[in-house]
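Student: just need the structure, nothing else, for what follows:
(4 chains, ligands or ions: 4)
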Amino acid sequence: MTTARIRVDHVTRVEGHGNIVVNVTDGVVEKCEWQVPEAPRFFESMVRGRHYSEVARITSRICGICSIGHTLASIKATEDALGIEVSEQSWKLRELIKHAENFDSHVLHINILAAPDLLGAPSVFPLVATHGEVVARALRLKRLGHEWGSLIGGRTTHPMSIVPGGMAEVPTTKELTQLRERLLAAVPELEATVATVLALAPNVPAFDRPTEYVALSNDKDYALYDGDIQSVLPDGTKQRYPVADYKQVTNEFVVPQSTAKYTKNKLDSYAAGALARFNNNYDKLHPEAKKVAEALGIQPICTNPYMNTVAQAVEIVSDVYESVGLLDELIANGVELEPLVEPTKFGSGAGATEVPRGILFHEYAYDDEGMCLGGNCIIPTNQNHNNIQHDFDKLVPELVAQDKSEKEMELALEMLVRSYDPCISCSTHYLDVKFVR
Amino acid sequence: MTASFIRSDDFAAFVTALIEAGPVYGPVAKRSRFAFERLETPEELRLDYDVTILPPKKLFFPPAQDLVTFDGAGFRAALEPTEKVLLGVHFYDVKAIDQTDLLFSERNYDINYMAHRETTTIVASNIQTVSKRAFFASVGADVEPQGHDAFLTAINGGYVLETRTERGEALLAFGAFQPATEAQIAEAAAVNVAALERCPEELEHGTEAIADKVRAAFQDEELWTTLAADCFSCGTCNTVCPTCYCFDVQDTWNVDQTSGQRTRFWDGCLTEDFAKCSLGEGACENFREERAARFRHRLMRKATYLNEKLGGPACVGCGRCSAGCTADIADPARVINQIMAS
Amino acid sequence: MSKPKVAFFDFTCCEGCQIEFTNYGDAAFLELLNHVDVVEFREAMSEKTTEPIDIAFVEGSFSREADRARLESIRERAAIVIAYGQCSASGGINALKNHQSDYKQFVYGADAEQPQLDSQKAQPISAAIKVDYSAYGCPVNKYEVLQIVAHLLHGKEPVIPNYPVCVECKRRETVCRYDEADHCLGMVARAGCAAPCPAYGVPCEACRGFVDHPNVPALEKVLVERAGFSQKRAADKALMFNANDLEALS
Amino acid sequence: MNHQCHWTDVENIFLPREATIVCSEQATPSETHFTLKMADGQPIEYEPGQIVELSLFGYGEIPIGIASSPTRKNTFDLVVRSVGRVSGAVTKLGKGESVYVRGPLGHGFDLTKLRGHDVLIVAGGIGLCPTRSLIQYILDRRDEFDRFVLFYGAREPSLQLFTDDLARWRTANDVEYYETVDRGDPSWTGNVGVITTLFPQVELGPETRAVICGPPIFYRFVVRELDMIGIPRENVFVDLERRMKCGVGKCGHCQINDKYVCVDGPVFPFADVQGLEEAF
Ligand SMILES: Cc1cc2nc3c(=O)[nH]c(=O)nc-3n(C[C@H](O)[C@H](O)[C@H](O)COP(=O)(O)OP(=O)(O)OC[C@H]3O[C@@H](n4cnc5c(N)ncnc54)[C@H](O)[C@@H]3O)c2cc1C
Ligand code: SF4
Ligand code: SF4
Ligand code: SF4
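Tutor: Ligands and ions are numbered 1, 2, ... in the order given. Here you go, the predicted structure:
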């Protein structure tokens, strides 16, 4: 009978700090916990007294990997609070950088963080010797994602030019044309990446736990930048909520093992992320990405959390093709620097966007001078913590039943955490914030 | 040399022909300002510019220029100049180029500057818009601009191109030029004189009087401390100045850790470390430790130190430093007028 | 000769500086691996080491007393400690809460005193251990990081600018924010980033810290007179990345 | 353009030449004495007091005074104090290794002003290095000069440079050698005190030609002594040091008012620089 004492402090190859604690004695699971001990950072408090033009620059620093998404969600919330509607050009450029971030982050996660597990290596560094071409290709694609995002935002870690009211700088039409060529030129490398994922797919653990999936959704596209909140249940039932009502979906609550709050909606827990988007918005997926999904054998509603990485592979293909379409439109219209749209009011507002790890909410209130009174941010990894815990609760007994060794169990749990691609340093807050006006 | 006329309608074709023949640099719009950039189309050329952010010195003396490259096999010069045309330089910038030509060629001839300079054909142009802080009319008024190959003046219906050198003369082949009439030449001269009268700022005294009095003010610590109280030591006044040419030199390695380059970067005497020496055991001596001393050095350099060598002040009145200084204390016209009035 | 051993450690931060390390592209990154052995890098690898390290890159601020022991053990094992990124070098963005006394209550309400939420003032890691060099910036300039590594591999002290961002802005001929009716901190901010923010149309927020002797009174004056700030907003402006330094200067 | 030469006909002043270290000796804990030979066998032609730009690729370039006399052919000496990046790297080098030099650069000592006169050299600390070129020169052409007096001050006995030279000068009769240290140690039996304490020990006439080289504060005090002797300031020569990058009168770092230390100096008649407000 299995006896295991698993204690993984600071799971590696994830962003931020999370611990796994599992005690099994003679086949009886005594403790099985996903803990988040990340140092609290108080962003919601830090934004107080800062001008609206600075707020996204501050909250971008919540997370270095999703900083484009944080910037966008923050700015959308600010624009909502200030009654700003940006131009079509700004909207498209923002969509373009959203794709860049998704691509960039997924390329990193698939190749550098997740692939070592599937190849039985502790990290990407030993793979340089054994799978040199895979690593080189990953680095090339990562660089492409970086340059793609940098062209629009100035850089990918804490982008600069996305500001309330529009874009503070825009690329030239020539630069966009060059980007379009580069994206198309990268298609063979994308195909090779998909082939690698396909080859590794048999190594993806078989595990299923039907849950609720929450993502942005709209009628136009495979929503990343904008949409309503949508939930899909394992039976396919969908429901939409306006972003302003995000708190009704997240229903945050406190648990003792975590500095981050947990969330739940209709079921015990819900998942956000690539798989949640895939399950919600499959019908809006670009045809080229649908082809890849078929080839990879993933279809909605997929309830194996380990398949999140595979959903990410589908999304990188979608990001490239969707972006080529956006670029065609931008190039056809010609891009010009536009004056920023000025605030029409000062109040409070919420904004949401999809970051690589799932749906992200920001909300702020401003005084009449445009100075921030406080904020609230609910990040996808926090929304996933509860789901990870519920996965653990189902997975650990299954592993015990399969008579897995302690090492195997530990790896299976770490891989599960990593497949969510968590971004724990995002975990910013834990209780509701009351705005005082 | 000759004076020719080209009709406005034929001008774009002339610029296009130049662009097709080789690299052409000229003033183009950059947000609310202007900059000398390589032209891709004649439409980009903005001869109605007021002043560019950086002077044309960047073409001869780039902000970062490799002097030597090295690798495991040895070292070599990094210079590869190309023939190019620089179009639309205002006369004050030509005067500044004359100064840097002299300073880079005298005593030790610096091919890293001179090679770029000698491979450039400079076409000066009249000032159509006067910048907000210019005082070019009253500074070194008796110094004539020299180092251009041709001078282009916009007049009614077209442009007069007066050539000064063979290089300038060779430009005529690229456009539908015809000999300029006496009246056109006279109109061009009048246009250029008129520009001098539109300067918003003015030096109230002559070069020599200024040189003497500014130099005499050297010891007036209170004066310099007050003038420099708001100085950020940011070096903007140096960096944007067409007659500033100080540089730092740094060696860097490439990722292979064997090859690399020795590069010179623009430097400015207003920055804190400019005159700092290491003495060993962590000790340093800064020969211009105070902001006031650095501020004073620049002004001395503009108004007195180089006058003898240059035959006039080392300032051409472009007003770039005045407009660029965020604290608005760098304006030589204001500072000098204040000293002269004291 | 064995390659120098390099390790990355993280404390309170967004880990964006570590991510910059993955943005070099294949050629530069793989070439770099010919010169250093990465022995620990939690964000990207599972391997850990207890061996001596040649260069330790430490990311994140020192914001919990509980982190001191880990910092000390890194210092003991590492020949060179580099404060990697602004959180580590100065406290960075995390210190923006330092001037507030109610930040815990504001975010955690009644639960503010729970032990897992322990957080003191965010400080640079130099408040706990000796730091040899700093890679400034939020995020770091990845090309400067390459130069720092190259210098250290050759036993040369890295060259870090002590002139303001305006110098780099001018070198790349960016239109000054003040010419666009905006504001900027470039005049007091340490350069080395190549001035990307003004080039992309936004002010420099001095994310690499101040130059050695920033003229802060003049900055406030310019913010009030040229950018139209209130005196209070002008005084608070540089808090975003320089809360600790502003406190030290005042 | 108003000058006639063409860039293709002119040599590149920034390209150094390779030199081989034929001897390297730790002179003091922080200073290394190098003897160098040009790798192509073509010795550099220089005057006492001139400098070179010494470099190591990847580390950079620094100005260093030549510490030997042209009268001793084929090789030349440099003494480098380790204070930073370039000097720190250079002082780690040993025999057989290469360095790179540009030069000689600048103006050395004007020998025409010194020949036929009494000469006093006042050297402090590392200031002995550039003056050593002149000392050697005078000793090698002793009959061209009249009386030769040499003052040398070091902070402490262990920091004295060229100890072999010092030992010889102490007993030599072709130089009147006086030395002092700021702080003595148990083995030190000589003079203790700042450099000016040596002046009362010798009788010097106003016709003497004086040369001063030392740390920045040194000059003011030594000049005061020379004034008291009545030596006119045009007969006093100073060897100045400033931050320097190019060594060829372009980069601006070494500028003192309108003078460039690298091309107008480093040796200046005191009369020419005394009025320059930033010189001392
Ligand atoms: C005319 C002249 C003669 C000199 N002769 C000698 C000599 O014989 N022996 C000797 O050991 N040193 C001499 N020096 C000083 C020597 O040049 C500096 O110690 C050296 O430049 C320090 O450079 P670094 O790169 O090692 O130090 P860092 O501290 O890394 O300096 C960085 C840069 O600053 C500049 N710099 C810093 N300190 C000085 C300084 N004191 N002088 C000039 N530039 C400086 C240099 O350009 C240097 O590359 C002389 C200097 C001058 C101007
Ligand atoms: S004078 Fe003005 S531009 Fe010059 S360094 Fe000072 S603040 Fe900067
Ligand atoms: S000092 Fe100022 S006005 Fe004079 S040339 Fe230089 S930048 Fe122009
Ligand atoms: S934009 Fe900022 S950094 Fe750039 S020059 Fe202006 S004040 Fe300086």
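
Student: quick one: low-confidence ranges for chain D?
Tutor: D:1-4 (pLDDT under 70).

Student: hey, where'd the helices end up in it?
Tutor: D:85-90, D:111-114, D:128-140, D:163-171, D:218-229, D:261-264, D:270-273 (DSSP state H).

Student: wait, what's in contact with residue D:68?
Tutor: Applying CB atoms under 8 Å, 6 or more residues apart in numbering or on different chains, one finds that residue D:68 lies in contact with D:35, D:75-77, D:132-133, D:136. The way it works is simple: take the backbone N, C-alpha and C, and place the C-beta from them, glycine included.

Student: would you mind giving these as JSON lines with neighbour count and distance to chain C added?
Tutor: What follows is the contacts of residue D:68, written out as JSON lines (neighbours: other CB atoms under 10 Å in any protein chain shown; distance: CB to the nearest CB, whole Å):
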{"residue": "D:35", "neighbour count": "19", "distance to chain C": "24"}
{"residue": "D:75", "neighbour count": "16", "distance to chain C": "28"}
{"residue": "D:76", "neighbour count": "26", "distance to chain C": "26"}
{"residue": "D:77", "neighbour count": "20", "distance to chain C": "25"}
{"residue": "D:132", "neighbour count": "26", "distance to chain C": "29"}
{"residue": "D:133", "neighbour count": "26", "distance to chain C": "29"}
{"residue": "D:136", "neighbour count": "19", "distance to chain C": "33"}
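
Student: which SSE is the most centrally placed residue in chain B in?
Tutor: Centrality entry for chain B: nearest residue to the mean C-alpha point is residue B:242, 2.5 Å, by CA atoms, centre = their mean. If you go by DSSP states H and E, residue B:242 is not part of any helix or strand.

Student: surely it touches residue B:59?
Tutor: No - when contacts are counted by CB atoms under 8 Å, residue B:242 is not listed as touching residue B:59 (11.6 Å).

Student: follow-up on the earlier one: closest one to residue B:316 among the helices of chain D?
Tutor: helix D:261-264 (24.5 Å; CB to CB).

Student: quick one: check the closest one for contact with chain B.
Tutor: Yes - using CB under 8 Å from any CB of the partner chain, helix D:261-264 reaches chain B at residue D:263.

Student: from the rest of the structure, what touches that helix?
Tutor: Applying CB under 8 Å, 6+ apart, the external contacts of helix D:261-264 come out as B:107-108, D:51, D:63, D:105-107, D:240-242, D:244, D:246-249, D:254-255.

Student: what pLDDT is listed against residue C:111?
Tutor: What the model reports for residue C:111 is a pLDDT of 63.

Student: cool, the one 4 residues further on as well?
Tutor: Per-residue pLDDT puts residue C:115 at 59.

Student: now do the contacts for residue 32.
Tutor: Using chain A. Residue A:32 is in contact with A:21-23, A:392-393, A:396, counting by CB under 8 Å, 6+ apart.

Student: I was after chain C.
Tutor: So residue C:32 contacts B:255, C:24, C:146, C:149 (CB under 8 Å, 6+ apart).

Student: quick revisit: nearest to ligand 2, of the contacts of residue A:32?
Tutor: residue A:21 (57.1 Å; CB to the nearest ligand atom).

Student: tell me which helix or strand that closest one sits in.
Tutor: strand A:19-25.

Student: residues from the stretch 201-342 of chain B in reach of ligand 3?
Tutor: By CB under 6 Å from any ligand atom, the residues of the stretch 201-342 of chain B that approach ligand 3 are B:240-243, B:302, B:315-321, B:332.

Student: and which of those is nearest to residue C:61?
Tutor: Checking these one by one against residue C:61 (CB to CB), the nearest turns out to be residue B:240, at 37.1 Å.

Student: pull out the buried residues from the next helix or strand after the strand holding residue A:21.
Tutor: Scanning forward in sequence from strand A:19-25 by DSSP H and E, the next helix or strand is strand A:28-35. Across strand A:28-35, burial judged by 16 or more other CB atoms under 10 Å in any protein chain shown covers A:29, A:32-35.

Student: check stretch B:28-48 too.
Tutor: Under 16+ other CB under 10 Å, the buried positions of stretch B:28-48 are B:28, B:30, B:33-37, B:39, B:42, B:45-47.

Student: what angle do strand A:28-35 and the strand holding residue A:21 make with each other?
Tutor: 180 degrees (axes from the mean of the first three to the mean of the last three CA atoms, to 10 degrees).

Student: so which elements touch strand A:19-25?
Tutor: strand A:4-8, strand A:28-35, helix A:380-401, helix A:406-419 (3 or more CB pairs under 8 Å, 6 or more residues apart in numbering or on different chains; DSSP states H and E).

Student: how far does the last one sit from the chain's center?
Tutor: Its chain's C-alpha centre and that of helix A:406-419 lie 21 Å apart, by CA atoms, centre = their mean, to the nearest Å.

Student: what is the mean pLDDT for that helix?
Tutor: Rounded mean pLDDT across helix A:406-419 is 85.

Student: with only the CA atoms kept, save it in CSV.
Tutor: Presented in CSV, the C-alpha positions along helix A:406-419 are these (Å, rounded to 0.1, in the frame of the first residue of the first chain):
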residue,chain,number,x,y,z
GLU,A,406,6.2,8.7,-4.4
LYS,A,407,8.5,10.1,-7.2
GLU,A,408,5.9,9.3,-9.9
MET,A,409,3.2,10.9,-7.8
GLU,A,410,5.3,14.0,-7.2
LEU,A,411,6.0,14.3,-10.9
ALA,A,412,2.4,13.8,-11.9
LEU,A,413,1.3,16.5,-9.5
GLU,A,414,4.1,18.9,-10.5
MET,A,415,3.2,18.3,-14.2
LEU,A,416,-0.5,19.0,-13.4
VAL,A,417,0.4,22.3,-11.8
ARG,A,418,2.7,23.2,-14.7
SER,A,419,0.1,22.3,-17.2
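
Student: now that helix: buried residues?
Tutor: Neighbour-count burial for helix A:406-419 [16+ other CB under 10 Å]: A:409-419.

Student: and residue A:351, backbone torsions?
Tutor: Main-chain dihedrals, residue A:351, degrees, to the nearest 10: phi -140, psi 150.

Student: repeat for the one 10 residues further on
Tutor: Here the main-chain torsion angles of residue A:361 (degrees, to the nearest 10) amount to phi -120, psi 140.

Student: thinking again about what came up before, so which of the helices of chain D gets nearest ligand 4?
Tutor: Closest among those, using CB to the nearest ligand atom: helix D:85-90, at 27.3 Å.

Student: for the residue in the stretch 1-150 of chain D positioned nearest to chain A, what are its contacts?
Tutor: For the stretch 1-150 of chain D, the residue closest to chain A is residue D:58, as judged by CB to the nearest CB, at 26.2 Å. If you count contacts by CB under 8 Å, 6+ apart, residue D:58 has them with B:70, B:251-253, B:260, C:154, C:156.

Student: if I look at the residue of the stretch 151-300 of chain B found nearest chain A, how far off is residue C:99?
Tutor: The stretch 151-300 of chain B approaches chain A most closely through residue B:255 (13.3 Å), counting by CB to the nearest CB. Separation of residue B:255 from residue C:99 (CB to CB, to the nearest Å): 41 Å.

Student: list the contacts of the closest residue to residue D:31 other than its chain neighbours.
Tutor: Counting by CB to CB, 6 or more residues apart in numbering or on different chains, residue D:81 is the residue found nearest to residue D:31 once chain neighbours are left out, at 4.7 Å. Contacts for residue D:81 (CB under 8 Å, 6+ apart) come out as B:280, D:30-31, D:87, D:91, D:126.

Student: any chance you could map the strands in chain A?
Tutor: A:4-8, A:19-25, A:28-35, A:162-163, A:166-167, A:212-217, A:228-232, A:238-241, A:270-271, A:348-355, A:358-366, A:372-378 (DSSP state E).
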